[in-house]
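In: Quick one: sequence and predicted model below, then my questions.
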Amino acid sequence: MNAERDIQTTFSFRDDREIRFDFNGGQITSDAGLIALREFDHRIGFTQGIVGCLHDARHPSYVRHDVSQLLIQRLYGIVAGYEDQNDAHKLRQDPLFQIIAGKLQLGDELGSQSSISRLENSVCASEVGALNDLLTDTFIRSRHKPPIIILEVDSTDDPAHGQQQLIEYNGFYSQYMYHPLLIHEGISGCLLGTFLRPGNAHAAEDVLSALQPIVHRLKTAFPHAIIWLRADAGFAVPRLYEFCERHKIGFTIAIGANEVFKRQAAPLLKQAMAQYEATGEKPKLHAHFAHRAGTWPWHLRVLIKVEAGPEGTNTRFVVTNRPGDQRRLFEFYEGRGQAENYIKELKNQFKADRLSCPRFEANAFRLVLFALAYQLINLFRSCLSDPELRKAQIDTLRVRLFKVGALINHTTRRFWLHLASGWPYQDLLKGAIRDVAALPAPT
């Protein structure tokens, strides 16, 4: 049966004029705004750096799609919201993706789902390590002598997708999962490293081996920068305190309550309750005390924050090696909520929890690939002059910059992108292209 006959080609909601549709419009894309991102990428050498970390073991005579083309197809698919491998089959004929991937002619198909799958399964652990180093290096190249660097250390859950290597049950999350470790830079939002771990890994497992190369690179690049670290209670372990002391890193890390801490906080809690009963307003009181647990090699400060209100009382503790006012230090620790927003964007909008490959190493590569897509966007929006776009998350950037329809034509010398005339965000895209054009030309 002819497929065209199965398509409804007339509509009844307009009685003044007939409406028909077909799929004969020519080479049209829905993601024309990615052209601005690809130019930015080229100017800073981003995907070129990724390709440099990967080894292509294929025999040249059998290669139809080189690594850079497959990588761009996958990376920009993630950016545009096509997070699944299966989307590669749908995108292989998209003219915009063919242009940004470097195909010589429109209609020269990109890689299939199986081609992308072979790429992801060909990457080894050392290459994943090199890509994590690249995350740190792209942050370093994007910053000029930052006075302060904040290491945001956190872990997150990645639920299982069937039978996969090193999927284990995690009692805290009550599910079978992977347990990735993520390290962001708190001021810029850049990712400095992503480390895939088995599902039953403790939150602080492998944290020192992850931090060591990052800290070394940062101190080499920025020897005069002050480095601070903050993390939740899962990272309140003596080996991390010792690491920070050894590398002169100031840390503020949440720590769980025990009987000693509760006794220290009791007078402050009593004071907070009395203030609330007297005024009806919710007080926030702070204090600190020196403490040395049996496993600690020296005394550290434990900060206390106590609140009292209609919902009851709340007492929290933070351990630190930093001097200064306890209220300001506690408020600094609470700023780590922004790091949780970075993780939410990575997982919810870039879909970085789609680690569905059977092999652990393939999933480790996929995780760092999602991280690189996030990093590219984070660096891109930092170069934009529009203040709203500079702080926009990827879902907003897709709507206002990337998702625009265009008819694409080509001649021997040119590709023509004819964007939709009625698109409401024309000025934003024009401005973004101007911002990118102002960057140094690629070398």
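Out: Cool, got the structure.
In: Contact partners for residue 145?
Out: The neighbourhood of residue 145, defined by Cβ atoms under 8 Å, 6 or more residues apart in numbering, consists of 222, 224, 225. Using the backbone N, CA and C atoms, a C-beta is placed for each residue, glycine as well.
In: I'd like to know the average pLDDT value across the lengthiest helix in the chain.
Out: In terms of residue count, the longest helix belonging to the chain (DSSP state H) is helix 360-382. The pLDDT scores in helix 360-382 average 97.
In: Check which helices and strands that helix is in contact with.
Out: helix 34-44, helix 46-53, helix 67-79, helix 113-122, helix 125-142, strand 191-195, helix 387-390, helix 394-397 (3 or more Cβ pairs under 8 Å, 6 or more residues apart in numbering; DSSP states H and E).
In: Determine which stretch of the ones you listed is the most buried.
Out: strand 191-195 (a mean of 25; mean count of other Cβ atoms under 10 Å).
In: Where do the helices of the stretch 101-250 of the chain begin and end?
Out: 113-122, 125-142, 207-221, 238-246 (DSSP state H, counting those that start in this stretch).
In: Flag every buried residue along the longest helix of the chain.
Out: 360-381 (16 or more other Cβ atoms under 10 Å).
In: With stretch 78-89 instead?
Out: So stretch 78-89, judged by 16+ other Cβ under 10 Å, has buried residues 78, 79, 80, 81, 82, 83, 85, 87, 88, 89.
In: from the residues you listed, which ones fall inside helices?
Out: Per DSSP H, the subset of the buried residues of stretch 78-89 in helices is 78, 79, 87, 88, 89.
In: Grab the two from those that are most spread out in space.
Out: Put simply, by Cβ to Cβ the two of those set farthest apart are 79 and 89, 18.1 Å from each other.
In: Adding mean pLDDT and distance to residue 291, write the helices of the stretch 101-250 of the chain out as TSV.
Out: Converted to TSV, the helices of the stretch 101-250 of the chain look like this (pLDDT from 0 to 100; distance: least, Cβ to Cβ, whole Å):
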stretch	mean pLDDT	distance to residue 291
helix 113-122	92	47
helix 125-142	97	34
helix 207-221	97	22
helix 238-246	97	12
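In: mind giving me a markdown table with these and columns for distance to residue 410?
Out: Below are these laid out as a markdown table (distance: least, Cβ to Cβ, whole Å):
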| stretch | distance to residue 410 |
| --- | --- |
| helix 113-122 | 24 |
| helix 125-142 | 32 |
| helix 207-221 | 43 |
| helix 238-246 | 55 |
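In: Columns distance to residue 303 on top of the helices and strands packed on helix 360-382, output as a markdown table?
Out: Converted to a markdown table, the helices and strands packed on helix 360-382 look like this (distance: least, Cβ to Cβ, whole Å):
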| stretch | distance to residue 303 |
| --- | --- |
| helix 34-44 | 40 |
| helix 46-53 | 40 |
| helix 67-79 | 40 |
| helix 113-122 | 44 |
| helix 125-142 | 29 |
| strand 191-195 | 26 |
| helix 387-390 | 33 |
| helix 394-397 | 35 |
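In: quick one, which of these is nearest to residue 153?
Out: strand 191-195 (9.7 Å).
In: Remind me what the closest one packs against, helices and strands.
Out: Looks like strand 191-195 contacts helix 125-142, strand 181-185, helix 207-221, helix 360-382 (3+ Cβ pairs under 8 Å, 6+ apart).
In: Just put the ones you listed in JSON lines and tack on distance to residue 278.
Out: Shown next, in JSON lines, are those (distance: least, Cβ to Cβ, whole Å):
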{"stretch": "helix 125-142", "distance to residue 278": "49"}
{"stretch": "strand 181-185", "distance to residue 278": "42"}
{"stretch": "helix 207-221", "distance to residue 278": "44"}
{"stretch": "helix 360-382", "distance to residue 278": "47"}
